[in-house]
Each structure stands twice: as C-alpha cells, then as structure tokens.
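> Everything below, folded, please.
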Amino acid sequence: MSETPVHLVVIEDEKPIRRFLASALDGDNWVVHEAETGKQGLIEVATRKPDLVILDLGLPDMNGIEVIRQLREWTDLPILVLSARTQETEKVLALDAGADDYLTKPFGVAECMARIRVLLRRRNQGSAAPVQTFGFGPIEVDLVNRTVSKHGKPIHLTPIEYRLLATLIRNSGKVITHRELLLAVWGPSFSEHNQYLRVYMGHLRQKLEDNPAMPQHILTETGVGYRLLER
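From the prediction side, this is the model:
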C-alpha cells in the first residue's frame, strides 16, 4: 500500500456487519467511515471524498440501487455491493446502475479485501477527477447537491428528468443511444420503451432550452439517440 491512507465509506444498516468490516479493514493505511442509511451514506461520500464505497442494497430508508444511481450522477469512484440477495436480477440491476462489483453475504474478509484492491488498482489506472459542477449555455448544474439553475434562477426537475440530465452530462459531447439512456435512467425492464425517452426529453427541453422546438444543447441524433452539446 502507498503512504497515503485509503478512505472507504461503508453504507450498511446492520451494525454488527459495519463493525466487522471496520475492524477488518481499519488500520494498515485503511480508514473506514460508516453510515447506516442511504441518505447518511450519500452525505459521507460527498463529504469524505473516499477512494471506494462498500454498499448494502437493503437499507432502511432507500433502495441501494437508488444510492448507486445518485452517486453515479457525479462520481465514478468504485462501488462494491454487499448483499444477501442472491438473485441474478438483483446483481444485474446493481451493475446496470453503476456498481463495479458484487459480493454476496456471507463473505470472507480475504475475498472482500482482494476485490477492494482490484477496484482500487483499476481506479488508479484511470485519471480524471470526477466532475462535480457542469455548465452549458445559461444552465448550471451542481451534481453533488443535485441543483439546476438557468440564468441563476433555480429550475425544478423531477427525479427522472434530473437522472436523464445527469446521464447526458456524464457523456457530454457523445451520442448516447436510446437503449443506453433507458438502461441508465429506468433500468433493464424499460430498455425498449423509447416513448419514455421522447416524453421526458421533451420535458427537459421545455425547462432548459430557450427554444425547445429548436434545441441548441439537447440534440436528437435521428434513429440513434441524443447528444448534449456545451456550446
């Protein structure tokens, strides 16, 4: 390990498991921060800026899948999911939402640490720091606080509208296919429902574009998908 401490946020509602992970991972240049709810976990991640998140899917206040989706709106840090849920659909949902790996309970400490080291190596091989604010035209988006403004005035977006915008921002300048957007925003059950995209993209343009009929930023790539331009 390097001299720089590795910070981990563990989001887990069962205290014995949090304590077990903290005692197993704490020390030897590993620093563990704990949260017992999804909301607390999101705050910890935004505050601590950790190197990796360990997340349980069965949280008392919100679904772990939603925690993953919200984190992916502004950060690409590694997410290791821990869960007693063994169904393949749960694993697919977590991975589609943006998780990097999945460990089913019960698990061994050695395997957990090995997976963490693999994820950290992948992150270190990457480069750019995550974008936390983003602007295009008169629009400013704070991806940490999940706020949007136009000409300095707050714009209210529904959760789906915001998730759609955050996905466009993460892929700014690139064409995103209908299927990719549907998977990222609605999940695999809606991967063929292109009408959802048309309706919500229309809502987004109404709120963000000066002339929704002739959008300058949220562009349609006919028959393929959409592209966000910063001009």
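> List the contacts of the helix or strand bottoming out on mean pLDDT in the chain.
None of the helices or strands of the chain scores lower by mean pLDDT, DSSP states H and E than helix 88-97, at a mean of 77. Identification of contacts with helix 88-97 by Cβ atoms under 8 Å, 6 or more residues apart in numbering yields 57, 64-65, 68-69, 72, 81, 83, 102, 183-184, 187-188. For the C-beta atoms, the positions are set from N, CA and C on the backbone; glycine is no exception.
> chain center to that helix: distance?
Centroid separation for helix 88-97 versus its chain: 13 Å, with Cα atoms, centre = their mean, to the nearest Å.
> how about it: buried residues?
Of the residues in helix 88-97, Glu90, Lys91, Leu93, Ala94, Asp96, Ala97 count as buried by neighbour count, 16 or more other Cβ atoms under 10 Å.
> same question, stretch 180-191
For stretch 180-191, the neighbour count (16+ other Cβ under 10 Å) marks Glu180, Leu181, Leu182, Leu183, Ala184, Val185, Trp186 as buried.
> For the fifth one, which non-adjacent residue is closest in space?
Okay, so that is Ala184. Setting aside the residues directly before and after it, Ala184 is nearest to Thr167 in space (Cβ to Cβ, 6 or more residues apart in numbering), at 4.6 Å.
> try the first one
The shortest distance from Glu180 to any residue other than its chain neighbours is 7.0 Å, reached at Gly225 (Cβ to Cβ, 6+ apart).
> Name the residues linked to the one you found by a beta bridge.
Assessed by DSSP bridges, Gly225 has beta-bridge partners Thr177, Glu221.
> That one: what's it in contact with?
Counting by Cβ under 8 Å, 6+ apart, Gly225 touches Val175, Ile176, Thr177, His178, Glu180, Leu181.
> repeat for Val185
Ile160, Arg163, Leu164, Thr167, Tyr200.
> Same check on Thr167?
Per Cβ under 8 Å, 6+ apart, neighbours of Thr167: Glu73, Ile176, Leu181, Ala184, Val185.
> mind putting those in CSV, pLDDT included?
Output for the contacts of Thr167, formatted as CSV (pLDDT from 0 to 100):
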residue, pLDDT
Glu73, 88
Ile176, 84
Leu181, 89
Ala184, 84
Val185, 86
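> which pair in these spans the largest distance?
Farthest pair in the contacts of Thr167 (Cβ to Cβ) is Glu73 and Ile176. Separation: 14.6 Å.
> can I see the domain layout of this protein?
Annotated domains of the chain cover 6-125, 133-228 [automatic domain parsing].
> re the thing from before, would you format the buried residues of stretch 180-191 as a markdown table with secondary structure and distance to Gly41 included?
Output for the buried residues of stretch 180-191, formatted as a markdown table (DSSP: H, G, I helix; E, B strand; the rest coil; distance: Cβ to Cβ, whole Å):
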| residue | secondary structure | distance to Gly41 |
| --- | --- | --- |
| Glu180 | helix | 26 |
| Leu181 | helix | 26 |
| Leu182 | helix | 26 |
| Leu183 | helix | 23 |
| Ala184 | helix | 21 |
| Val185 | helix | 21 |
| Trp186 | coil | 23 |
